[in-house]
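J.: Predicted model and sequence follow; I will ask about them next.
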Amino acid sequence: METLRVIDMHTGGEPLRIVTHGYPHVPGATILEKRAHVRDELDHLRRILMFEPRGHADMYGAILVEPSLPGADLAVLFMHNEGYSTMCGHAIIALGRFAVDRGMVSVDGDKARVNIECPCGMVVADVTIRDGRAAEVSFESVPSFLFEEGVRVDVPDYGEIVCDVAYGGAFYALAPARAFGLEFGRDPVADFIEAADRLSRAVRQAVPLTHPDAADLAFLYGSILTDGGAGDDTPSRNICVFADRQVDRSPTGSGVTARMATLHARGQVAAGEIRHFESIVGSRFTGMVATSTTAGEWSAVTVRVSGRAHYAGEASFVVEDDDLLGGGFLVR
């Protein structure tokens, strides 16, 4: 196989492995067709890059593909330990900085704008230039909405749990950690993972999802357990467990979007109000309702999420012909 070259970044501790060389051409008239192609024809490359011995169970990646939307500066497919996401806020923040540093967009004084085509649609990232380099990045989400409020599901070993299901570029179940008897800073992360994973399984069985734009968007990506706060007086802590029990080290960009859409639908946050969210490793994003809109039959909002990304390194990866483990594996 051809050598795979990557640049590794992280946003608030959450990794992003950006493929810069070695992927074959990805055909498709739309970004969702490209996503289907890599899923069906090139998934062995995801396993090589995301799994051990080159990655780990919580690795995250980005494949840059040819844009199909007019005005897009770049297009991206997101990948993780289970497959391919439709939206990833921490990746957008990293890719905004990456695009500026790589000269993929023009810089106007201390600002740059990057139009990023994602499977969920066009996401616009605004990059602040400080001391000659890209610093803070914010993006405005696709239309996001509270899909169903107060869903009651039976979660094995936890009983009946009341949660919300919301869309922020991907669908999430949202519930307070205390509903599972958990408290941030007291209980181990493993307990949060177990609770969130069981919630996701229960919601997937109980709540049929639909999305007005495409059927490929209508799946539950994961669950977010929160401290129950609204991020106004103090940052609201949360943990996002998605895909195959993968844990987001950042506050989760699309998760912050879903949470803000939910807070707005409940009348707990107004347009223009800034809220603060904190991850399990202490990193923070801010969120702000930017505009009111619709998504099919749902009242929706767009949300501006802000954070910072940093470089971690770069690498070239190969698979030798006689390497029986070179195609990737996971040990948990």
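T.: Thanks, I have it.

J.: which one's the longest helix in the chain?
T.: helix 189-206 (DSSP state H).

J.: how about that helix: buried residues?
T.: Phe192, Ile193, Glu194, Ala195, Ala196, Asp197, Arg198, Leu199, Ser200, Ala202, Val203 (16 or more other C-beta atoms under 10 Å). To be clear about C-beta, it is placed using only N, CA and C from the backbone, and glycine gets the same treatment.

J.: can I get these in TSV with distance to Gly231?
T.: Formatted as TSV, the buried residues of helix 189-206 follow (distance: C-beta to C-beta, whole Å):
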residue	distance to Gly231
Phe192	19
Ile193	23
Glu194	25
Ala195	21
Ala196	19
Asp197	24
Arg198	26
Leu199	21
Ser200	23
Ala202	26
Val203	23
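
J.: which among these gets closest to Val38?
T.: Closest to Val38 out of the buried residues of helix 189-206 is Ser200 (23.5 Å), distances taken as C-beta to C-beta.

J.: who's in contact with that closest one?
T.: By C-beta atoms under 8 Å, 6 or more residues apart in numbering, the contact set of Ser200 is Ala173, Leu220, Gly222, Ser223, Val241.

J.: how does it look with 7 Å?
T.: Contacts for Ser200 (C-beta atoms under 7 Å, 6 or more residues apart in numbering) come out as Ala173, Leu220, Gly222, Ser223.

J.: Name the SS class of the residue lying closest to Met122 once chain neighbours are set aside, please.
T.: Counting by C-beta to C-beta, 6 or more residues apart in numbering, Met122 lies nearest to Leu69, which is 5.6 Å off, once chain neighbours are set aside. Counting by DSSP: H, G, I helix; E, B strand; the rest coil, the backbone at Leu69 sits in coil.

J.: Quick check: phi and psi at Leu69.
T.: When read as degrees, to the nearest 10, the backbone of Leu69 gives phi -90, psi 140.

J.: how many neighbours does it have?
T.: 14 (other C-beta atoms under 10 Å).

J.: pLDDT wise, what is it at?
T.: Looking at Leu69, its pLDDT reads 97.

J.: what residues does the helix or strand encompassing Thr286 touch?
T.: Per DSSP states H and E, Thr286 falls inside strand 284-295. Outside of strand 284-295, the residues within contact range by C-beta under 7 Å, 6+ apart are 12, 140, 143, 145, 212, 235, 250-251, 253, 256-257, 260, 264, 269, 271-278, 300-307.
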